[in-house]
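Visitor: Just a sequence and a predicted model for now, questions to come.
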Amino acid sequence: LRVGRSALLLVLLYRRVRATQRRLQSSQAQLRVQSERDALTNLANRRHFDEVLQLECARAARSSQPLAVIMLDVDHFKKFNDRYGHQAGDACLVRVAHALAGATRRASDLAARYGGEEFSVVLPNTGAHKAQQLGEALRAAVEALDIPHAGAAAGMVTISVGIAVLLEGGSADPDTLMRLADAALYRAKDAGRNCVVLGEARFG
């Protein structure tokens, strides 16, 4: 009888330990996801984006596949905040983020809030043509939100988009790729905003 009770207690203890382990694993997974997400927009945050871009640059170099990076930001966002207030500005960013997430449908694509009103997207195994198509899709998706913006020439919230592409067989570090995407973004702004500019894809 004592042996039977001891065995039962051991079984119950084992079950409790397993249940506790499962709860801990679930909590750790939730914390990991939360640490990778931007609190406002629920897109990936800057830290997670940097980690993924580092991995994808290495993968592209190993596999001789193309890799594209998109940088974009909301046109005249300071004017938007000044006119409509910061709460409206936050709501605007959430809607823009939702539009970006909806346009990047492949599981391998990662859209992130890079900082402030600036967003970024990493596109594994994506060449110049497809990257430009997606950049235009992102621009059109935000424009279709039709968020009023009296301080913008279009009268609504728009984005400027810059793209850099690592060609097949090339190699580049993430910093170089981001600098080229950022340069393309500023060319889009200089061109009048609410447009897409493909940066030169020259890598060693």
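Guide: Received the coordinates, thanks.
Visitor: So which bits of stretch 108-128 are buried?
Guide: Burial within stretch 108-128, assessed by neighbour count using 16 or more other Cβ atoms under 10 Å, is assigned to 109-114, 117-128. No exception for glycine: its C-beta is placed from N, CA and C like everyone else's.
Visitor: and what of stretch 184-201?
Guide: When neighbours are counted by 16+ other Cβ under 10 Å, the buried residues of stretch 184-201 are found to be 184-185, 188-189, 193-199, 201.
Visitor: So which of those residues sits lowest on pLDDT?
Guide: The weakest per-residue confidence within these falls on residue 201 (65).
Visitor: what's the average pLDDT for stretch 121-133?
Guide: Averaged across stretch 121-133, the pLDDT comes to 95.
Visitor: returning to that earlier point: in helices, which of the buried residues of stretch 184-201 appear?
Guide: Mapping these onto helices (DSSP state H) picks out 184-185, 188-189.
Visitor: Quick check: which ranges of the chain have low pLDDT?
Guide: For the chain, residues meeting the criterion pLDDT under 70 lie at 1-4, 26-34, 169, 200-204.
Visitor: all strands for it, in order.
Guide: 67-74, 110-115, 118-124, 159-166, 196-198 (DSSP state E).
Visitor: looking at the ones you listed, which is closest to residue 49?
Guide: Distances from residue 49 to each of the strands of the chain were compared using Cβ to Cβ; the shortest belongs to strand 110-115, at 3.7 Å.
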